[in-house]
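Student: 3D, please:
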Amino acid sequence: MQLLSAIEQETSPDPNYCVIWLHGLGADGNDFAPIVPHLKLPENLAVRFIFPHAPEMPVTVNGGMVMPAWYDIIEMEIDRRVDIEGLISSAAMIDKFVDRELERGLDEKNIIIAGFSQGGAVAYHLALNRPVRLGGLLAMSSYCPTCSMIHDHTPHVGLPIEIHHGLYDPVVPERLGREARGFMEEHGYAPVYRTYPMEHNVCAEQIEDIGAWFRVVMV
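Tutor: Numbering: from 1, shown residues only. Reported below is the predicted structural model:
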């Protein structure tokens with residue numbers, strides 16, 4: 001099984017939970033790896049964190065500059081025209097990490113998908129299209145461009161979902177976070193929606209909330 005390059009951290013030997021965490025455009029797996037100690041997880045909670053590096057590709061809105069990206073960004077209004085093919089391709093790449101965790105002996109309910117911005121869009125698609133429900137979905141400063149392509153929500157209703165967004169986000173407007181929440185609610189999910197007084201980034205209060213959420217879903 002060929003996997004993308006990734007950073008792996010384990011909070012204790014023999015993890016019984018896994019978080020696969022996807023970065024945003026132009027970043028890499030190092031972007032969120034330093035957050036792990038700040039989540040303040042219990043010492044007896046053994047978690048494997050995986051931070052994949054997106055492949056490098058030309059990005060249209062950045063003048064065709066090559067950079068790490070999960071899919072191309074075609075227009076500045078990111079929800080206007082979306083590189084659906086690229087997004088689905090990246091979701092398939094991340095799906096291989098989920099399959100490997102299953103091979104390592106974890107259950108689907110012990111695997112959480114998290115993503116920031118572009119990474120969140122991929123996380124939405126992956127979590128809501130697998131045949132078996134995963135343990136949780138965390139979407140930060142993101143949107144769900146492939147939501148309309150999901151035809152069977154039955155396996156996933158009950159999936160723990162956290163959606164976080166900055167109120168002043170100039171990159172992914174907060175209305176797109178609210179639209180994703182609305183879609184989830186219309187289809188029987190019960191997402192928790194949190195906003196923060198920030199732009200397109202992560203803040204200390206949010207990290208505390210993520211740590212608290214992990215402690216709830218990792219039971």
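
Student: residues in contact with stretch 145-160?
Tutor: Applying CB atoms under 8 Å, 6 or more residues apart in numbering, the external contacts of stretch 145-160 come out as 79, 82, 84, 87-88, 121, 124-125, 127-137, 180, 183, 187-189, 213, 216-217. C-beta: built from backbone N, CA, C; applies to glycine.

Student: which strands and helices sit next to the helix or strand containing Val98?
Tutor: Val98 belongs to helix 84-103 when assigned by DSSP states H and E. On a contact count with 3 or more CB pairs under 8 Å, 6 or more residues apart in numbering; DSSP states H and E, helix 84-103 meets strand 17-22, strand 47-52, strand 111-116, helix 118-129.

Student: and the third one, how far out from the chain middle?
Tutor: Relative to the mean C-alpha coordinate of its chain, strand 111-116 is positioned 4 Å out (CA atoms, centre = their mean, to the nearest Å).

Student: how close does the residue positioned nearest the centre of the chain get to Gly64?
Tutor: For the chain, the residue nearest the mean C-alpha position is Gly115 (2.2 Å; CA atoms, centre = their mean). Distance, Gly115 to Gly64, using CB to CB, to the nearest Å: 24 Å.

Student: cool, and His53?
Tutor: From His53 to Gly64 the distance is 20 Å (CB to CB).

Student: which one of these two has more residues nearby?
Tutor: Higher neighbour count among His53 and Gly64: His53, with 17 against 10, using other CB atoms under 10 Å.

Student: for the protein, which spans come out with low pLDDT?
Tutor: Residue ranges of the chain with pLDDT under 70: 1, 79-80.
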